[in-house]
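Participant: pasting the structure only:
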C-alpha cells in the first residue's frame, strides 16, 4: 500500500553546520578545529560500505522480495518448507485450534511431534550432531507452527538428547541415540528444583554410590529438592536426565564425599506399560500462563536405584570399587564444563525468539498497511502506518527483527564451529554470546509482542489474530534456560574478566576482541570536532555507529570496574556486585547491542544483490541510530555527542523510519512466512482477503 505524500518528512540537512564557540577557544585551536570540521579526513571518517539512496526525497526504494528472502532464509529453507507443507497439506488436522483444553492440547502436541519427525523422515538428533544450523532451522519452523510443539521438541532433542550426547560417552550414545531420535525414548531434563533454579550448584537432589550393588541411589531429601517444571514429565516422558550431587562413601562408610553436580539417566516409566516406576513420584504442574501443550511435571525420588553405567561420565566417572576419576581437577571446573556443554538450549531460544518476532512484526505491519483511518479533509483515509506514531512503534522493531536474525544466525554458526573444533576459547565465546543474545533478544521480543498487540487496536485483542497466544507462550523464554537477569550478569562478569586480562597482558576471547583495540582510544576525551559532525553521510557511516556503541561499552566497563573496586573494600565482593548490579546489567546490554550491530553490518556487506543490500543498509542504519538515540543521555553526559548532533540523530532516525515504512511490506514478505503459518486473518499477505477471512471466522 502506498504512503500518503503529505506524511513524508523532509530529508535531513546533509550540509555540515556545526558551531564552534569562537569566544571561548584560542584562535589557533579554533582555526584548526574549523578546518577539520569543514574538511573531515576521509580515511578516518568513512569506510567503503555503500550508502543506499534512501535520502532522495520521496523516492521509494525498489526491493526484490524474492532475492532478499533468498539471502536471509539461507540454505536450510527446504527443511522449513517441508515442515510448513506437512501441516498445511499432509496433516492439516494436526494444526492447533484456537480453543483447546490442556489435556487435549498435550496429546495433540505429541501427535504433532511424532508426525513431523516420523512421517517427514526428519532426523533431529542426527542434525544436532552433524549440522546444528539445520536443526535450529527445523526448530524455528516447528515453533512457528506451534510454540508448545517447538518447546516439546527442544526438550526431547536439545535438553534430554543433548545431555546424553554431550555429557555422556560412547556407551550412552550407542544405547540411546536411535531411541531418542525416533521418539521411542521420550525424555525429560530434570535440573530445576522447587527451591533452586538459576543456582544449579545449590541443587539438593543426591545420587549416592552403593559399592555393594554397583548402583547409584537417587533421593529427594526434602520438598525443596523436588524437580519442578520438568517438560515431558507429567504425561509422556520415559527417562530423565537427573542432575544431582554425586556422593561417594568414604572408608568408614558413615561419611560421604560430595563430588559436585553430575547428570544421571533415570528411567521414570516402564517402556511397555508406561506405568510410573517404583520410587518415582510424578505430579502435574498444572495449567500455565502459556505453552499448555507441554506437560510440565514435578518429580520426587525415593531410593531409586540405577546402574553405575547410568552416570553421564564425560567429565567424571566412578569405578566399580567406588574410585572417582576426572580429567578436571576441581568441582567448579567440572561444573563449568558441564554447563558449557548445554548452551545449545540457549542458542535455540535466541534463534526461535527472533522467529517469534518475525511473526508478530509481520502481522502488525500488514494490518497497519491495510487499516485506514482519518486523513486530510475531503480526501481518502490513510493507512495507520502512514502516521509517524505507528512508524515509531513498528519500524525500529522491524529493524531489530532483521538485526536479531543476523545476530542469531551468527551465533548458530559459531556454535556449529564450536561443536566441530571443541576449541576452548570458542567454547567460552559461545557460552557468553549465547547467554547475552538469549537474554537480550527474548526480553526485547516479549516487550514487542505487547506493542504489536496495541498497534493493532481492538483487532489485536482477538485470539484468532494470535498476539495473545504468542505473548503468553513466549513469555517464559525470559526465564528458562537461564533467567535473563542472571545471564546478563554472566556477560558482565566475562567482560570484567577480560578487562582485567587486558592490563595483565592476557589474551582476549573472540567476542571481546574489540576491547583490545578500543579501550585506550574510547576512554580518552571525545573529539570536540567529531562530536559535532551531523551530516547524514557521517551518521550513516558504519564506523561512526560502531565507534559510538563501542565507546559506550568501554566507558561503562571502566566505570563498573572502578566502582566494584571501591565498594569491595567496604562491602566485600558480593556486596559490591549487588551495589553495582544495575550498572552491570546496562554494561552487558550495551555490549550485546554492539555484537548485534557488528553482525548486521557484516551481513549487509555480504549481501550479493544490490537492491537487497541497499534495503538492508537502510534497516541497519535505523537499528543503529534508534539505539543511539534511545541512550542519547549517556552520549550527551560525556560530550560524545553535541546538542546539535543529538538533534540530527533524532531527525534522521525519524526519517529512516519513514523510509523503512515505504518498503515495510517487502521487508516482512521477505521472511517468507505463508499465510497458513502466520494464521492471523489481519496478517494475510493479500490485503483483500484479510477481512473476508476475519468475518468468516465469526460466522458471516
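Facilitator: Cool, the structure landed. Small disclaimer: the values here were computed from a predicted structure and weren't measured.

Participant: Return the residues in contact with residue 197.
Facilitator: residue 483 (CB atoms under 8 Å, 6 or more residues apart in numbering). Any C-beta I mention is one placed from the backbone N, CA and C, and that applies to glycine too.

Participant: isn't there a strand covering it?
Facilitator: No - Residue 197 is assigned coil when assessed by DSSP: H, G, I helix; E, B strand; the rest coil, not a strand.

Participant: and the gap between it and residue 296?
Facilitator: Going from residue 197 to residue 296 by CB to CB, to the nearest Å gives 13 Å.

Participant: Same check on residue 537?
Facilitator: 54 Å.

Participant: Give me the more crowded residue out of those two.
Facilitator: The residue with more neighbours, out of residue 537 and residue 296, is residue 296; 22 against 15, by other CB atoms under 10 Å.

Participant: pLDDT score assigned to the more buried one?
Facilitator: pLDDT for residue 296: 98.

Participant: Ramachandran angles for it?
Facilitator: phi -80, psi 130 (degrees, to the nearest 10).

Participant: Tell me who's in contact with it.
Facilitator: 229, 230, 231, 233, 234, 284, 285, 288.

Participant: Helix or strand next in line after the helix or strand hosting residue 603, which one?
Facilitator: Per DSSP states H and E, residue 603 falls inside helix 581-606. Downstream of helix 581-606, the first helix or strand assigned by DSSP H and E is helix 610-630.

Participant: so who does residue 575 touch?
Facilitator: Residue 575 touches 567, 568, counting by CB under 8 Å, 6+ apart.

Participant: got it, and the one 3 residues further on?
Facilitator: Under the criterion of CB under 8 Å, 6+ apart, the neighbours of residue 578 are residue 571.

Participant: can you pull the pLDDT of it?
Facilitator: For residue 578, the predicted pLDDT is 96.

Participant: got the angle for the helix holding residue 603 vs helix 610-630?
Facilitator: 160 degrees (axes from the mean of the first three to the mean of the last three CA atoms, to 10 degrees).

Participant: Return the set of buried residues in helix 581-606.
Facilitator: By 16 or more other CB atoms under 10 Å, the buried positions in helix 581-606 come out as 584-601, 603-604.

Participant: Have a look at the protein and report the helix or strand with the lowest mean pLDDT.
Facilitator: helix 42-45 (a mean of 39; mean pLDDT, DSSP states H and E).

Participant: now what about stretch 332-347, what contacts it?
Facilitator: Contacts for stretch 332-347 (CB under 8 Å, 6+ apart): 128, 132, 136, 154, 158-159, 162-163, 166-167, 200-201, 260-263, 314-316, 326, 328, 408, 411-412, 415, 427-428, 430-431, 434-435, 437-438, 481-482, 487.

Participant: for that stretch, which positions count as buried?
Facilitator: Quick answer for stretch 332-347 (16+ other CB under 10 Å): 334-338, 340-347.

Participant: now that stretch: how far from the chain's centre is it?
Facilitator: Chain-centre distance of stretch 332-347: 17 Å, with CA atoms, centre = their mean, to the nearest Å.

Participant: what ranges do the helices span in the stretch 201-350 of the chain?
Facilitator: 331-340, 344-370 (DSSP state H, counting those that start in this stretch).

Participant: now this structure, which segments are flagged as low pLDDT?
Facilitator: 1-59, 251-255, 502-526 (pLDDT under 70).

Participant: Contacts only, for the residue nearest to the spatial centre of it.
Facilitator: Centroid-nearest residue in the chain: residue 350, 2.3 Å away (criterion: CA atoms, centre = their mean). Residues in contact with residue 350, defined by CB under 8 Å, 6+ apart, are 404, 408, 411, 434, 437, 438, 441, 442.

Participant: And these, which is closest to residue 320?
Facilitator: Taking CB to CB as the measure, residue 320 sits nearest to residue 434 out of the contacts of residue 350, at 37.7 Å.

Participant: For that closest one, the count of nearby residues, please.
Facilitator: The burial count for residue 434: 29, using other CB under 10 Å.

Participant: Which of the three states applies to it?
Facilitator: Per three-state DSSP, residue 434 ends up helix.

Participant: Can you tell me the closest non-neighbouring residue to it?
Facilitator: Among residues not flanking residue 434 along the chain, residue 346 sits closest, at 4.1 Å (CB to CB, 6 or more residues apart in numbering).

Participant: what about the one you found, distance to residue 550?
Facilitator: 24 Å.

Participant: How about residue 65?
Facilitator: 34 Å.

Participant: And residue 631, by the same measure?
Facilitator: On the measure of CB to CB, residue 631 and residue 550 end up 13 Å apart.

Participant: of the two, who's got more company?
Facilitator: More neighbours surround residue 550 than the other of residue 631 and residue 550, with 22 against 16 (other CB under 10 Å).

Participant: Could you check the strand or helix carrying that one and say which residues are buried?
Facilitator: In the assignment (DSSP H and E), residue 550 maps to helix 542-579. For helix 542-579, a neighbour-count test (16+ other CB under 10 Å) marks 542, 544-557, 560-561, 564, 567-568, 576-577, 579 as buried.

Participant: In helices, which of the contacts of residue 350 appear?
Facilitator: 404, 408, 411, 434, 437, 438, 441, 442 (DSSP state H).

Participant: If we ignore the residues flanking it in sequence, what's nearest residue 67?
Facilitator: In space, residue 67 is closest to residue 609, 4.3 Å off (CB to CB, 6+ apart).

Participant: count of residues packed around that neighbour?
Facilitator: Neighbour count for residue 609, taken as other CB under 10 Å: 16.

Participant: Residue 674 now?
Facilitator: Residue 674: 13 neighbours (other CB under 10 Å).

Participant: can you check the one 5 residues further on too?
Facilitator: Residues near residue 679, counting by other CB under 10 Å, number 22.

Participant: For the nearest residue to it once chain neighbours are set aside, which residues are in contact?
Facilitator: Sequence neighbours aside, residue 466 is the residue nearest to residue 679 in space, at 6.3 Å (criterion: CB to CB, 6+ apart). Counting by CB under 8 Å, 6+ apart, residue 466 touches 359, 363, 678, 679, 680, 683.

Participant: hmm, 7 Å instead?
Facilitator: 363, 679, 680 (CB atoms under 7 Å, 6 or more residues apart in numbering).

Participant: rewinding a little: would you confirm that the residue nearest to residue 67 contacts residue 66?
Facilitator: No - if you go by CB atoms under 7 Å, residue 609 and residue 66 don't touch, sitting 9.6 Å apart.

Participant: possible to save the helices of the stretch 201-350 of the chain as TSV with distance to residue 269?
Facilitator: Shown next, in TSV, are these (distance: least, CB to CB, whole Å):
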stretch	distance to residue 269
helix 331-340	26
helix 344-370	23
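
Participant: Looking at those helices, spot the one closest to residue 529.
Facilitator: Using CB to CB, those put helix 344-370 closest to residue 529, at 38.5 Å.

Participant: circling back to that earlier point, for residue 571, see how far away the residue nearest to residue 679 is.
Facilitator: Counting by CB to CB - residue 466 and residue 571 are separated by 48 Å.

Participant: same question, residue 199
Facilitator: Taking CB to CB, one finds residue 199 at 21 Å from residue 571.

Participant: same check, this time on residue 531
Facilitator: 36 Å.

Participant: All set, thanks.
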